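[1] Output the structure for:
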Amino acid sequence: MISLPADTDMLVIGAGIAGLCTALYLARAGRAVAVIDRGEPWGDASGANAGTLSLQVKRPEVLHVTRRAIELWQGFKQDFGIDVGFGRPGGLRVATNECELDMLRRSQREQRALGIDTEWLEGEALRAAAPWLGPGIRAATACDWDAFSSPLQAGQAILAGARRDGVAVIGNAEVTAIEAAGTGYRVVTAAGSIACRTAVIAAGAWSGQVAAMLGVRLPVSADVNMLSVTEPAPPLLDRVVTHIGGILSLKQYPNGTCMIGGGWQGRGDLASGRKDVDYVNLLHNLRVATSVVPALASVRLVRSWSGFEGVAADALPLFGALPGRPGVFVNACARGGYSQGPALGLAMAELITTGRAALAMERFDPRRFVP
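    Numbers count the residues shown, from 1 in each chain. A predicted model of the protein is given here:
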């Protein structure tokens, strides 16, 4: 068991994808880093994620972040010796009716204007590219950038890689108070106190609560996203599949299991800590999945679960310095933040060590919510 150090140069609050990637890149920059988490590291949103790394489903404001993140996901093995279970088979974003076709066309035009090229598929071309799609699929856009990782594999590998690079990662250290102390801060946790010169709030759905300890109000809410996984099956689909309506994410891993998600909501909230499966919504999710890939109907479901995802009021990342609190930064609450995590972590490390991120991140500054 790793004990909480008495002090550190950099303290990251939250051991999910955003926090651990921030710590990895800070450590590579030569900084002494500790990461604390309220529960088990990788135990909340990142560990309960579908692992879909789809570029074409993202909002225009974060396309540049997501594209850079997919490059970093792909480079984890070479750059850090970390195997995150990455695959980049490309993806299809499907539509089933006239309204959805219009939405898909608008999205394709918008993305092309931002430098993201996708291929329009319908009719015979669509059936030739994906004969496993259901008859109700009218059209799809194909994107070579769409990819996946395995959250279960990635979590253990990134944790091991961070510790190998000298990062202290401590779980069951929920923050209960933060106080200014000298040129930095004293953070009180359930595992003891730690002094730091710089702090990064990367606590996902709990980031608003942590910021409030410093007197800053950030509008953060929590989604309760549901996921399901099947037994291993013969090859059923060879690409990541998403839906223009945001009601499906689907992929088949190399071991044959299929991961089914799509943002369907479970039941629960942060106050109670409950994150339960809503079986009505689960059935809707599974019906969509089997209508898009009918062969899924013959595969047994192994498990369904739900997890919290922190979301800012405008569903864009909270990224930058915490207003009025020198030395405190926020890297949290990007909707679809799992896929963007490596790029957000690198950008945060750049911001802290050089004063500027290579990516354009000004749109995500927390000051947009602070009077």
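[2] Stretch 55-64: how far from the chain's middle?
    Its chain's C-alpha centre and that of stretch 55-64 lie 13 Å apart, by C-alpha atoms, centre = their mean, to the nearest Å.
[3] Need the residues that contact it.
    For stretch 55-64, the surrounding residues in contact (C-beta atoms under 8 Å, 6 or more residues apart in numbering) are 66-67, 70, 91, 93, 107, 110-111, 114, 116, 118, 141, 143, 145-146, 242, 246, 249, 315-317, 334-336, 339-340, 359-360, 363. Where you see a C-beta, it was placed from the backbone N, CA and C, and this is true even at glycine.
[4] Swap in 7 Å and give it another go.
    Stretch 55-64 has contacts (C-beta atoms under 7 Å, 6 or more residues apart in numbering) with 66-67, 70, 91, 93, 110-111, 114, 116, 118, 141, 143, 145-146, 242, 316-317, 334, 336, 340, 359-360, 363.
[5] Mind giving me the ChimeraX command for buried ones among the residues you listed?
    Burial among the contacts of stretch 55-64 is assessed by 16 or more other C-beta atoms under 10 Å; the matching ChimeraX selection reads:
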select :66,67,70,91,93,111,116,118,141,143,145,146,242,316,317,334,336,340,359
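[6] So which of the contacts of stretch 55-64 belong to helices?
    Taking DSSP state H as the definition of helices, the contacts of stretch 55-64 contribute 66-67, 70, 110-111, 340.
[7] can these go into a markdown table with extra columns for pLDDT and distance to Val84?
    Below are those laid out as a markdown table (pLDDT from 0 to 100; distance: C-beta to C-beta, whole Å):
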| residue | pLDDT | distance to Val84 |
| --- | --- | --- |
| Thr66 | 98 | 16 |
| Arg67 | 98 | 17 |
| Ile70 | 98 | 12 |
| Glu110 | 97 | 29 |
| Gln111 | 97 | 25 |
| Gln340 | 98 | 14 |
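[8] Next, find the distance separating the closest residue to Ile2 other than its chain neighbours from Arg356.
    Closest residue to Ile2 apart from its sequence neighbours, by C-beta to C-beta, 6 or more residues apart in numbering: Ile170 at 5.5 Å. Taking C-beta to C-beta, to the nearest Å as the measure, Ile170 falls 30 Å from Arg356.
[9] tell me the average confidence for stretch 39-51?
    If you average the pLDDT over stretch 39-51, you get 91.
[10] now swap in stretch 118-125 and tell me
    Averaged over stretch 118-125, pLDDT sits at 98.
[11] And for stretch 362-369?
    Stretch 362-369 shows an average pLDDT of 97 in the prediction.
[12] Would you mind pulling the contact partners of it?
    With C-beta under 7 Å, 6+ apart, stretch 362-369 has contacts from 61, 218-219, 313, 316-320, 322-323, 330.
[13] check contacts around Asp269.
    By C-beta under 7 Å, 6+ apart, the contact set of Asp269 is Ala222.
[14] Look up phi and psi at it.
    Per-residue torsions, Asp269: phi -160, psi 170 (degrees, to the nearest 10).
[15] how far away is it from Ala222?
    Noted for Asp269: a distance of 7 Å to Ala222, by C-beta to C-beta.
[16] Please point out which parts of the helix or strand harbouring Ile352 sit buried.
    According to DSSP states H and E, Ile352 maps onto helix 337-354. Residues of helix 337-354 classed as buried: 337-353 (neighbour count, 16+ other C-beta under 10 Å).
[17] How about stretch 204-213?
    204-211.
[18] picking that back up, distance to Ala233 added to the ones in helices among the contacts of stretch 55-64, as JSON lines?
    Listed next are these as JSON lines, based on distance: C-beta to C-beta, whole Å:
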{"residue": "Thr66", "distance to Ala233": "29"}
{"residue": "Arg67", "distance to Ala233": "31"}
{"residue": "Ile70", "distance to Ala233": "26"}
{"residue": "Glu110", "distance to Ala233": "35"}
{"residue": "Gln111", "distance to Ala233": "32"}
{"residue": "Gln340", "distance to Ala233": "30"}
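[19] quick one: which of those residues is nearest Ser291?
    Taking C-beta to C-beta as the measure, Ser291 sits nearest to Gln111 out of those, at 25.2 Å.
[20] so that closest one touches Thr118, yeah?
    Yes: between Gln111 and Thr118 there is a contact under C-beta atoms under 7 Å: 6.4 Å.
[21] Which residue ranges of the protein form helices?
    Under DSSP H, the chain gives helices at 17-28, 63-80, 98-113, 123-129, 151-164, 207-212, 279-292, 337-354.
[22] Return the alpha-carbon coordinates of the shortest one using CSV.
    The C-alpha atoms that make up helix 207-212 are tabulated as CSV, following Å, rounded to 0.1, in the frame of the first residue of the first chain:
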residue,chain,number,x,y,z
SER,A,207,-14.7,18.6,-9.6
GLY,A,208,-17.3,21.2,-8.7
GLN,A,209,-17.2,20.0,-5.0
VAL,A,210,-13.4,20.3,-4.9
ALA,A,211,-13.5,23.8,-6.5
ALA,A,212,-16.1,24.9,-4.0
